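Q: quick one: sequence and predicted model below, then my questions.
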Amino acid sequence: MSAATLASLFRARSVALVGATDRSIWSTAAFANFERLGFTGRVHPVSRKGGLVHGLPAAASCAAIGEPVDAALLMVPEGAIAEAFADLNAAGIRNAVVLTSGFAEIGEAGARKQEALLAAARAEGVTLLGPNCLGFINYADRVPIWTTQPPLPVIPGGAIGIVSQSGATAGFLAAFAQRQGIGLSYQVSTGNEADVNVARVVDFLVDDPATKVIGLFLETVHDAPLLAEAARRALAADKPIVAIKIGASETAARAAEAHTGSLVGDDRVFEAVCRQLGILRVSCIEDLVFTAGLLAKVGHLRDRRLGLVSISGGICEMAADHAEANGIAVPRLAEGTKTALKDILPAFGTANNPLDVTGGAMLDPALFARSLPAFAADPAVGLVACFMDVPDTPEEIAGYRGTIVRQIGEGFRAAGKPAVMLSVMARPVTEAGRALLEETGIAYLGSGVLHGLGALGRAVAWAERQERGLPARAAPPAPATERPRSEHATLDYLESRGVPVVPMRLARSAEEAVTAARELRGPAVLKIASPDIAHKSDIGGVLLNLSGEEAVAAGFERIMSAVRLAKPQATIDGVLVAPMRAQEGVELFVGVLRDPLWGPAIAVGLGGIWVEALRDTAIRLLPVAPAEVLEMFSELRGAKLLDGYRGMPGIDRQAAAEAVARIGDAALALGPALASLEVNPLRATAEGAEALDALALFEEEG
């Protein structure tokens, strides 16, 4: 679906209300919204009975309207939908918003009806929003095809596009934003998403000039590849996406014996997508609105070093704690800045960051106007946050509280650096308060300390992520010609794809094992080679640190006997012989699994025996570049082990990252039939990295 197709829906200049009636609260509200929002186009009530509806002559059908119509709102019963679509086709209407429920949300029977609805829409060439949705409001162009009353008055110049699968939640988000004095550009309910889904709307909003920030409420994702692509474009366009995602997407473990199935699951893939593509994930309506509102007000923060200012020392200390918790740097002031502030503050004041302007500002509000520029002039301060509540009433605004806010505004203007004023506690912004903010030009959040510093932390994280950008996309790897069916074959395959692999020989007799060990030199490792055995050590299929020909020969026989006893039906190719590696270094786990929504994903964590015990993994969608793998390493709880611990040398992170990236490419080359590819362990040392054990499983084997 092209952006132009959605533009013809979201920027409609003429709308048909199909099923319009004065007896319906939905129809009445939808019609009233055109006047409430200042829609300047044409509205056409459509009712079989004709007559007057909502004070206008009603057409008996869309075809009877007699002039071009851009979009229709369908408010007819489920059983009348097919007839309505035929009427849309006769009238040449190519966009429909379907309020009607009774489809996929009620179960299997409803899902079949929804499939028929989509088929009808496509047959008639209709773009369909819904069914079971409240519609949308385009605040920027004043186009409201929305079936409940929106929060009023509309805040002009809104720059946040809200997209929600839940219509009620879209309304809650809009209402909360309005109470906070934060304007929206769009408010879209996608409902059951038979046709238009969240991903398509996001893709549209990335290019929408009125929208600076995109806010999402997701229950599931119906077009993950498009959402990922839209997020990549949003990151490149410096347009933040802030998302609430409820529930947990299930990653099916295609192979029951694959560790990855238990490690890459539930909600963790979506969390990884957010990290990878720069989506700011939050958990509540307040954080979504405040974060989006802050980003819309202050934009991209180039210098993220924060200066904190308050009239209260206690609030200063609380704010500093929350800033640190949210990863925001609060630098110390230079001596020159302290000297300048000492000349401004009362004698009992102290020049620090955070800066307590003291209660002296109650008697002399101009303390803010004088101290803020001197404070912001510090070379280590790039951004200023001042804590002060906006007054609510005209009387308060006319008094000293209004005077203090005006002085803060004057100080912000003189400071010449990005600045935001935050309330001390979360509170709404009244119309009188909004007028004062417009007068002073202050960027303000009524968020309180907790939500305000959280929003600032996410704005800082967004700017850092946006500046790192995304690695250039490499050409897709050449497809593999054969599927590796065993550990030995998988290691050989990985080596052919540039992955460093431990030298290994396949022995079919004790004599061959001795010869192989002699060629490899030093102590040997013996492992059973069988496509039917994944966990070899559980059945005595692995022996370590065997020195000398007698030990190797005896070890071969011991393994063969143990395996034949434990797995008499297994196909046995022989025994793999490899050199015993020293204990230094770190064993990493690398696993690839195909997520049912997002496609191939790669997990990296501490390997060997720790992989299931610690469940400490970082995840990304494939492909990954080495730079992204380095980020994954830093996310591990055990990341310190990679840099050396208790006298052990650290690993060559770059070499390990390159090996992981190549494993990911090798997995992609095996195609969609790959269920999982695991390397456990990938041994990483100060000298490099090499795969010691690997196994690929395919769909038909699951």
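A: Looks like it arrived, so ask away.

Q: what's the neighbour count on residue 174?
A: By other CB atoms under 10 Å, 26 other residues sit near residue 174. (Each C-beta comes from the backbone N, C-alpha and C, glycine too.)

Q: ok so it is a strand residue?
A: No. Using DSSP: H, G, I helix; E, B strand; the rest coil, the assignment for residue 174 is helix, not a strand.

Q: nearest residue to it in space, please, no chain neighbours.
A: Once flanking residues are discounted, residue 174 sits nearest to residue 187: 5.0 Å by CB to CB, 6 or more residues apart in numbering.

Q: where are the low-confidence patches of this protein?
A: Applying pLDDT under 70 to the chain flags residues 1-3, 248-266, 608-614, 647, 700-702.

Q: domain ranges for this structure?
A: Here the domain parsing of the chain from automatic domain parsing is 1-132, 151-299, 300-468, 503-579, 586-701.

Q: nearest to residue 475, out of these?
A: Closest approach to residue 475 among these is made by domain 586-701 (9.9 Å; CB to CB).

Q: quick revisit: run through the bridge partners of the residue nearest to residue 174.
A: Residue 187 has these beta-bridge partners by DSSP bridges: residue 137, residue 162.

Q: could you report the neighbour count for it?
A: 28.

Q: and the gap between residue 671 and residue 598?
A: 17 Å (CB to CB, to the nearest Å).

Q: neighbour count: those two, which is higher?
A: residue 598 (21 against 12).

Q: is it true that that one touches residue 622?
A: No. The pair residue 598 and residue 622 fails to qualify as a contact (CB atoms under 8 Å) at a distance of 9.6 Å.

Q: tell me where the stretch 1-150 of the chain has helices.
A: Taking DSSP state H, counting those that start in this stretch as the test, the helices found in the stretch 1-150 of the chain are 3-10, 25-36, 81-91, 108-123.

Q: can you add mean neighbour count and give those helices back as JSON lines?
A: Shown next, in JSON lines, are the helices of the stretch 1-150 of the chain (neighbours: other CB atoms under 10 Å):
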{"stretch": "helix 3-10", "mean neighbour count": "17"}
{"stretch": "helix 25-36", "mean neighbour count": "18"}
{"stretch": "helix 81-91", "mean neighbour count": "20"}
{"stretch": "helix 108-123", "mean neighbour count": "16"}
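
Q: pull out the buried positions in stretch 370-390.
A: Buried residues in stretch 370-390, defined by neighbour count with 16 or more other CB atoms under 10 Å: 370-378, 380-390.

Q: I should have written stretch 685-702 there, sorry.
A: Those buried within stretch 685-702 under the rule 16+ other CB under 10 Å are 685, 688, 689, 690, 691, 692, 693, 694, 695, 696, 697, 698.

Q: nearest to residue 547, out of the residues you listed: which one, please.
A: Within the buried residues of stretch 685-702, proximity to residue 547 (CB to CB) peaks at residue 692, which comes in at 18.7 Å.

Q: what's the closest of the helices of the stretch 1-150 of the chain to residue 399?
A: Residue 399 sits nearest to helix 25-36 of all the helices of the stretch 1-150 of the chain, at 33.9 Å, using CB to CB.

Q: same for that closest one, what does it pack against?
A: Helices and strands touching helix 25-36, as assessed by 3 or more CB pairs under 8 Å, 6 or more residues apart in numbering; DSSP states H and E, comprise strand 14-18, strand 42-46, strand 143-146.

Q: mind checking how far the second one is from the chain centre?
A: Centroid separation between strand 42-46 and its chain, computed with CA atoms, centre = their mean, to the nearest Å, is 40 Å.

Q: what lies in contact with that strand?
A: Applying CB atoms under 8 Å, 6 or more residues apart in numbering, the external contacts of strand 42-46 come out as 13-20, 31, 34, 53-54, 56-62, 65, 67, 69, 72.

Q: which SS class is the residue nearest the centre of the chain?
A: Geometric centre of the chain, nearest residue: residue 274, 2.7 Å, by CA atoms, centre = their mean. When classified by three-state DSSP, residue 274 comes out as helix.

Q: grab the longest helix from the protein for me.
A: helix 448-468 (DSSP state H).

Q: where exactly do the helices run in the stretch 601-702 of the chain?
A: Assigned by DSSP H, counting those that start in this stretch, the stretch 601-702 of the chain shows helices spanning 610-614, 626-635, 639-642, 653-669.

Q: repeat for the stretch 251-400 of the chain
A: So, for the stretch 251-400 of the chain - with DSSP H, counting those that start in this stretch - the helices run 260-263, 268-277, 285-298, 313-325, 335-342, 360-363, 366-376, 394-398, 400-415.

Q: compare the ones you listed and give me the one nearest residue 428.
A: Among the helices of the stretch 251-400 of the chain, helix 285-298 sits nearest to residue 428 (CB to CB), with 11.6 Å.

Q: show me how far the closest one is from its chain's centre.
A: Distance, stretch centre to chain centre, for helix 285-298: 15 Å (CA atoms, centre = their mean).

Q: let me know the angle separating that helix from helix 448-468.
A: 60 degrees (axes from the mean of the first three to the mean of the last three CA atoms, to 10 degrees).

Q: coming back round to it: of the helices of the stretch 601-702 of the chain, which stretch is the most buried?
A: Across the helices of the stretch 601-702 of the chain, averaging neighbours per residue (mean count of other CB atoms under 10 Å) puts helix 653-669 on top, at a mean of 23.

Q: quickly note the distance from residue 451 to residue 382.
A: 22 Å.

Q: again, but for residue 119
A: 55 Å.

Q: ok, residue 431 next?
A: 33 Å.

Q: same deal with residue 389?
A: Remark: distance between residue 389 and residue 382 (CB to CB) = 25 Å.

Q: kindly report the same for residue 362.
A: According to CB to CB, residue 362 and residue 382 sit 29 Å apart.

Q: related to what we said a few turns ago, what is the most widely separated pair among the buried residues of stretch 685-702?
A: 685 and 698 (31.6 Å).

Q: check which helix or strand covers the residue lying farthest from the centre of the chain.
A: The outermost residue of the chain, judged against the average C-alpha position, is residue 550 (57.5 Å), by CA atoms, centre = their mean. Using DSSP states H and E, residue 550 sits within helix 549-566.

Q: same check on residue 229?
A: Residue 229 is part of helix 224-236 when elements are defined by DSSP H and E.

Q: what sits against residue 587?
A: Residue 587 touches 606, 607, 608, 610, 680, 681, 682, 683, 684, 692, counting by CB under 8 Å, 6+ apart.

Q: to clarify, my last question referred to residue 668.
A: Applying CB under 8 Å, 6+ apart, we find residue 668 in contact with 476, 477, 600, 622, 623.

Q: for residue 276, see how far away the fourth one is.
A: It refers to residue 622. Look at residue 622 and residue 276: by CB to CB, they are 10 Å apart.

Q: the two: which is more packed in?
A: The neighbour comparison of residue 622 against residue 276 (other CB under 10 Å) goes to residue 276, with 22 against 17.

Q: separation between the residue nearest to the more buried one when sequence neighbours are not counted and residue 633?
A: Nearest residue to residue 276 in three dimensions, chain neighbours excluded: residue 620, at 5.1 Å (CB to CB, 6+ apart). From residue 620 across to residue 633, the span is 11 Å (CB to CB).

Q: buried residues of the longest helix of the chain, list them for me.
A: Buried positions in helix 448-468, judged by neighbour count with 16+ other CB under 10 Å: 448-463, 465-466.

Q: buried stuff in whichever helix or strand comes after that helix?
A: As assigned by DSSP H and E, the chain's next helix or strand after helix 448-468 is helix 487-496. For helix 487-496, a neighbour-count test (16+ other CB under 10 Å) marks 487, 488, 489, 490, 491, 493, 494, 495 as buried.
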